[in-house]
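In: with the input below, show me the fold.
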Amino acid sequence: MTDADCRAAIAAERAKWGDRLLILGHHYQDAAVVALCDAVGDSLELSRAAAASRAERIVFCGVRFMAETADILARGPAGGDNGRSVWLPAPKAGCPMADMATAEALGTAWARLAEADPKAAWTPVVYVNSTAETKAFCGAHGGMACTSGNARRILGSLLGERRKILFAPDQHLCANTARQLGLPPEAVALWHRALPDGGLPPAAIRAARIVAWDGCCPIHAGYTPGDVAAARAAHPGAALLIHPEAPAPVAALAEEVGSTKGIIEAVSRAEPGARLLIGTEDHLVRRLAAGNPALDIRPLRPIVCQDMGRTTPEALLRVLREWPEETLTRVPDALIPPAHACVRRMLAVG
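Out: Numbering: from 1, shown residues only. Sure thing, here's the model as predicted:
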């Protein structure tokens, strides 16, 4: 089947469903997939689209935790079967960072924090890049999710209420957000999941305002100060825009640190002729370069998320034609109420 034949077949299948079908796509998808989506955005934007939609079937071109979040929101706070379902064209598309924090491991850490600092008002916050089980744990303990776009607002609000935070799973988003909030490095303690008690003595837990999980995005965490030096040497005068999942020493070298949406908005504000280095997934960087010919846009270093790349137009067409069981994303009913509370609290903050 040619690309044109595939696109035509997808259009024919979509026409059968009308507004009963919604196709969502993350910014990191390939351009050929993005062109087939009804809505394209970052995690927060797509969460809102899933919550607002009344479509019977939501097809999520992304990775598993995104489809799980859409299912949590589509089925409502009580869970059960309300006639709505979420489908993931590439069921093997996971997120290594999401898998770095399990509900069981967080429960162990939670108990240790309460034991070490029992007078503190602890609140769990999970990056939306987390499993449904992790979100459910967070929601059951009064916490909420966040995205890279609203982490500063959410953490700042909780710290303003004199709460202490257990943040998982991305240590770099946590460190960069803490720096933006003006916290000193010693205010953030790193919980090492492979060490007994996280490798943190009680005094370190009591001194910290945030305890950060030691997870990371293998893509963004791979950037180094050497990458920045090499890119600046090759492109003198270029401004660096970088995602907050990058290590703090690298993010500190950037002119702007922002979420995927924040990077896109920064590009839209740039004056014609501006030179920009962008530190994020290469599918997005290439689309930004193609869509802004008046700007000189280069990747800090080309990086591609292999899991995002698993979704293809052919995989999307297979879902629309066959609706194979293995592509159905169904969060267990018991997890829906606390996981929904976790995400709903995030959406209420904005």
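In: which residue ranges form the helices in the stretch 1-150 of the chain?
Out: For the stretch 1-150 of the chain, the helices defined by DSSP state H, counting those that start in this stretch occupy 3-17, 31-34, 43-52, 64-74, 103-116, 132-140.
In: closest one to residue 209 among these?
Out: helix 103-116 (12.1 Å; Cβ to Cβ). To be clear about C-beta, it is placed using only N, CA and C from the backbone, and glycine gets the same treatment.
In: so what touches that closest one?
Out: Identification of contacts with helix 103-116 by Cβ atoms under 8 Å, 6 or more residues apart in numbering yields 120, 122, 124, 131, 133-134, 136-138, 141, 164, 166, 168, 191, 193, 197-198, 200, 202, 205-206, 211, 213.
In: the residue most central in space within the chain and residue 231, how far apart?
Out: Compute the mean C-alpha point of the chain, and by Cα atoms, centre = their mean the closest residue is residue 129, 4.2 Å away. Residue 129 is 25 Å from residue 231, where distance means Cβ to Cβ, to the nearest Å.
In: can you say which of the helices of the stretch 1-150 of the chain is nearest to residue 93?
Out: Judging the helices of the stretch 1-150 of the chain by Cβ to Cβ, what sits closest to residue 93 is helix 64-74, at 6.2 Å.
In: send the alpha carbons of the closest one over as PDB?
Out: Extracted in PDB, the C-alpha atoms of helix 64-74 (Å, rounded to 0.1, in the frame of the first residue of the first chain):
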ATOM      1  CA  ARG A  64       1.100   3.800  27.000                       C
ATOM      2  CA  PHE A  65       1.000   6.300  29.900                       C
ATOM      3  CA  MET A  66      -0.700   8.800  27.600                       C
ATOM      4  CA  ALA A  67      -3.400   6.300  26.500                       C
ATOM      5  CA  GLU A  68      -3.900   5.300  30.200                       C
ATOM      6  CA  THR A  69      -4.400   9.000  31.100                       C
ATOM      7  CA  ALA A  70      -6.900   9.400  28.300                       C
ATOM      8  CA  ASP A  71      -8.800   6.300  29.500                       C
ATOM      9  CA  ILE A  72      -8.800   7.500  33.100                       C
ATOM     10  CA  LEU A  73     -10.400  10.800  32.000                       C
ATOM     11  CA  ALA A  74     -12.700   9.400  29.300                       C
END
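In: strands of the stretch 201-350 of the chain, start to end?
Out: Secondary structure of the stretch 201-350 of the chain (DSSP state E, counting those that start in this stretch): strands located at 210-213, 239-242, 256-257, 275-279, 296-299, 328-329.
In: so the residue nearest to the centre of the chain sits against residue 42, correct?
Out: No - using Cβ atoms under 8 Å as the test, residue 129 is too far from residue 42 to be in contact (10.9 Å).
In: rewinding a little: mean pLDDT lowest for which of the helices of the stretch 1-150 of the chain?
Out: Among these, helix 43-52 carries the lowest mean pLDDT, a mean of 82.
In: contact partners of that helix?
Out: 22, 24, 26, 39, 41, 58, 60, 62, 66, 69-70, 73-74, 86, 128-129, 147-150, 259, 261, 343, 346-347.
In: show me the contacts for the closest residue to residue 142 other than its chain neighbours.
Out: In this structure, residue 142 finds its nearest non-sequential neighbour in residue 123, 6.2 Å apart by Cβ to Cβ, 6 or more residues apart in numbering. Residue 123 makes contacts with 141, 142, 143, 158, 163, 164, 165, 166, as judged by Cβ under 8 Å, 6+ apart.
In: and for the third one, the neighbour number?
Out: Using other Cβ atoms under 10 Å, residue 143 has 29 other residues around it.
In: correct me, but it touches residue 342?
Out: Yes - applying Cβ under 8 Å, one finds residue 143 in contact with residue 342, separated by 6.4 Å.
In: does residue 150 really touch residue 347, like I thought?
Out: No - applying Cβ under 8 Å, one finds residue 150 not in contact with residue 347, separated by 9.4 Å.
In: so between these two, which is more surrounded?
Out: residue 150 (21 against 15).
In: tell me which residues of the worst-scoring helix or strand of the chain on mean pLDDT are tucked away?
Out: Lowest by mean pLDDT, DSSP states H and E among the helices and strands of the chain is helix 43-52, with a mean of 82. For helix 43-52, a neighbour-count test (16 or more other Cβ atoms under 10 Å) marks 43, 44, 45, 46, 47, 49, 50, 51 as buried.
In: for those, which one is nearest residue 101?
Out: residue 43 (16.0 Å).
In: show the pLDDT at residue 191.
Out: For residue 191, the predicted pLDDT is 98.
In: report the beta-bridge partners for it.
Out: On the basis of DSSP bridges, residue 191 is bridged to residue 213.
In: hmm, it is touching residue 214, no?
Out: Yes - between residue 191 and residue 214 a contact is recorded at 6.2 Å, counting by Cβ under 8 Å.
In: of the two, which one has the most company?
Out: Per other Cβ under 10 Å, whichever of residue 191 and residue 214 has more neighbours is residue 191, with 26 against 18.
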